[in-house]
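S.K.: build the 3D model from these lines:
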Amino acid sequence: AVSGPEEAGDAAAMLGFPVVLKILSPDLLVSLGQRGLVGRQWSRRGTRAAAVAALLLLGTPAQAQQEGPGAAAVATRLAYVATGDAQVDETSRLGLVGLSDFMNRRTAAALADPMAVVPGRDDLSFFPLLYWPVLPEATQPDAAAVEALNTFMRNGGIILLDTRDEGSGEGMNQGARAALRRVTRDLSIPPLAPVAEDHVLRRAFYLLQELPGRYAGGQVWAARDQDRANDSVSPVIIGGHDWAAAWAMDGRGQNPYATIPGGARQRVLAYRFGTNLVMYALTGNYKGDQVHVPAILERLGN
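M.R.: This is a model prediction of the structure:
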């Protein structure tokens, strides 16, 4: 992880970020085009209007966004899959609130409040990232939900599937891995492999050696092979670290769940992993470009 005081680590992580800002708006336009929200044949005037809209979207503070049925269409925000379990869904909401707040303070992102979604009922095309906590009793999604989720991944969205069972030594969330197989049975998930040491997910914004959540250790899985059709971005990330609980921030600005075993330092790393994940969803494999290698090696002290 980035060493030194937190502020210094954040400053170091900004290395090369102006370039991210330059490409973020075009990437957003391409993403909108892929999802059918912008026509393939753009006029020059239409292109300029879309670019201005993207810049405004990126530059508008989250607090200024209006809530309502069309809120997802006018602001960049994260989403979580509603499970029907009130406590789990509230933890998901608080987790994405905390992560969005962290990113709004530490990066140039402007994320509005997260939203709960039900695949197959709600339009997923407006969200770059879905957080999906897998409950042991979760049932197999119906055909409409499967189609919605496959379309979401095919068009550039990322699903973070969290079995929340890395603390299973304490009897936590037993049965979640069987449920994971059940809920993903009909999803178009590519072959997976543990996230490699040189994976872009480890350096999309911060340099990270660990990817913890409320719990540390265990593997985090991503697509094994690169798919140029989707900018070589993995459409799904899978782990059991209970990330939402680590990110969660209540109305008093407090973190209601302990991070085990690493305490405050582990929570910082969890927030940094979340930041990398969102940047990965927004900018793809931008940090995989060879032009960044010298700067990354310098930061690693090599």
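
S.K.: what is the subsequent helix or strand relative to the helix or strand of the chain with the lowest mean pLDDT?
M.R.: Least confident element among the helices and strands of the chain, by mean pLDDT, DSSP states H and E: helix 44-59 (a mean of 41). On the C-terminal side of helix 44-59, the closest following helix or strand by DSSP states H and E is strand 79-81.

S.K.: other residues contacting that following strand?
M.R.: With C-beta atoms under 8 Å, 6 or more residues apart in numbering as the test, strand 79-81 has contacts from 72, 89, 92-93, 95-96, 114-119, 124, 127, 129-133, 244. Every residue, glycine included, has its C-beta placed from N, CA and C.

S.K.: now with 10 Å, please.
M.R.: For strand 79-81, contacts defined as C-beta atoms under 10 Å, 6 or more residues apart in numbering pick out 72, 88-89, 91-93, 95-96, 114-119, 122, 124, 126-134, 138, 141, 145, 149, 152, 157, 159-162, 183, 244.

S.K.: just the ones of the residues you listed in strands?
M.R.: The members of those that map onto strands under DSSP state E are 115, 116, 117, 129, 130, 131, 132, 133, 159, 160, 161, 162.

S.K.: report how many residues lie close to the residue lying closest to residue 128 once chain neighbours are set aside.
M.R.: Excluding its sequence neighbours, the residue lying closest to residue 128 (C-beta to C-beta, 6 or more residues apart in numbering) is residue 281, at 4.1 Å. Look at residue 281: counted by other C-beta atoms under 10 Å, it has 22 neighbours.

S.K.: now the angle from whatever helix or strand residue 281 lives in to strand 158-162?
M.R.: Taking DSSP H and E as the definition, residue 281 sits inside helix 263-283. Angle, helix 263-283 to strand 158-162, by axes from the mean of the first three to the mean of the last three C-alpha atoms, to 10 degrees: 150 degrees.

S.K.: which neighbouring elements make contact with helix 263-283?
M.R.: helix 6-13, helix 17-34, helix 86-106, strand 129-133, strand 158-162, strand 236-239, helix 243-247 (3 or more C-beta pairs under 10 Å, 6 or more residues apart in numbering; DSSP states H and E).

S.K.: redo that, cut-off 6 Å
M.R.: Judged by 3 or more C-beta pairs under 6 Å, 6 or more residues apart in numbering; DSSP states H and E, helix 263-283 is in contact with helix 86-106, helix 243-247.

S.K.: could you list the low-pLDDT ranges of the stretch 201-302 of the chain?
M.R.: Residue ranges of the stretch 201-302 of the chain with pLDDT under 70: 227-231, 285-302.
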